[in-house]
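> prediction below, plus the sequence it came from.
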Amino acid sequence: MEVKAINIGIFETESGYSMYLTGSQVYDTDDDDWVLDVDYEPNPSLKYLEIPQVLATGIKWDEILVNVQSALKMIIERHDNLEILKNRIITTGFDDGELMRIV
């Protein structure tokens, strides 16, 4: 199985915000529904990552999105030799919003 695109989804929880990772064999620049074709997801115990409250308290959802996007760009730039990142499209966004392409 060849994962073509990786999405870091974001959603709001009772205590703040969380993120998760999924991968898909398809990607469509014109239709974000490609993200619903989940061909890869980590073990459930590793799939979700809560954004620490110290980083999210008092921050609006759109600022969280910008912060996640910036952090992902920095990680990708610093670790561009990681196999998981090679030749893959990386996106992020809230579950009920538009996706932002990182790479």
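Cool, got the structure. Numbering: from 1, shown residues only.

> Pro42 and Leu82: what is the separation?
15 Å (Cβ to Cβ, to the nearest Å). Glycine gets a C-beta too; all of them are placed from N, C-alpha and C.

> that should have said Asp30, apologies.
Applying Cβ to Cβ, the value for Asp30 to Leu82 is 28 Å.

> of these two, who's got more company?
More neighbours surround Leu82 than the other of Asp30 and Leu82, with 10 against 6 (other Cβ atoms under 10 Å).

> flag every buried residue along the helix or strand encompassing Ile10.
Ile10 belongs to strand 5-13 when assigned by DSSP states H and E. Buried residues in strand 5-13, defined by neighbour count with 16 or more other Cβ atoms under 10 Å: Ala5, Ile6, Asn7, Ile8, Gly9, Ile10.

> remind me what it packs against, helices and strands.
strand 16-24, helix 61-78, strand 89-94 (3 or more Cβ pairs under 8 Å, 6 or more residues apart in numbering; DSSP states H and E).

> so how far is the longest one from its chain's centroid?
If you compare the mean C-alpha spot of helix 61-78 with that of the full chain, they lie 9 Å apart, counting by Cα atoms, centre = their mean, to the nearest Å.

> just the mean pLDDT for it, thanks.
Mean per-residue pLDDT for helix 61-78: 95.

> for the closest residue to Ala56 other than its chain neighbours, give me its contacts.
Computed as Cβ to Cβ, 6 or more residues apart in numbering, the closest residue to Ala56 that is not its neighbour in sequence is Gly16, at 4.3 Å. For Gly16, the contacting residues are Glu50, Ile51, Gln53, Ala56, Thr57, by Cβ atoms under 8 Å, 6 or more residues apart in numbering.
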